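Chemist: Here you go, sequence then predicted model.
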Amino acid sequence: MARKYDHEYKVQAVKLAKEIGGAKAAKDLGIPEGTIHTWLKAVRAGNLDIGEGSHTPASAMSLSEEITMLRKFDCSYTNGYTEGTNNAIKVIKRNAFGYRNFDNFRNRIFLSLT
């Protein structure tokens, strides 16, 4: 089933694509790259009115940040805990260069993560 986008979303997406490029805008917005290019062609042909003016690079970046924040609501879970655990293990590994065997290293990891 094809996804429907309202006019304002298309206008903002095209303005973002003009500022940072079509491929990056499509990736940031989470939509197919072909869709952005179709909208850009429609603007050039005069079939899609995007209004006057354009975003400045500063406002394009803030628009990109806003889109990133809104996309966080799609998925409420993150891999932050896993990344933190992995970082802690790497720190222990750097500091544990002199351990005699792997069992001592493993025990140090378990001790610090509990």
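Modeler: Received it, and whenever you're ready, just let me know what you need.
Chemist: Tell me, how many residues neighbour the closest residue to Pro32 other than its chain neighbours?
Modeler: The shortest distance from Pro32 to any non-neighbouring residue, by C-beta to C-beta, 6 or more residues apart in numbering, is to Ala26 (6.5 Å). Yep, even glycine has a C-beta here, placed from its N, CA and C like the rest. The local packing of Ala26 (other C-beta atoms under 10 Å) involves 19 other residues.
Chemist: Run through who's touching stretch 68-78.
Modeler: Identification of contacts with stretch 68-78 by C-beta atoms under 8 Å, 6 or more residues apart in numbering yields Asp28, Gly30.
Chemist: meant to ask about stretch 95-114, not that
Modeler: The list of residues contacting stretch 95-114 from outside it, by C-beta under 8 Å, 6+ apart, reads Thr85, Ala88, Ile89, Ile92, Lys93.
Chemist: coming back round to it: touching, the residue nearest to Pro32 and Trp39? I think so.
Modeler: No - using C-beta atoms under 8 Å, Ala26 makes no contact with Trp39, being 10.2 Å away.
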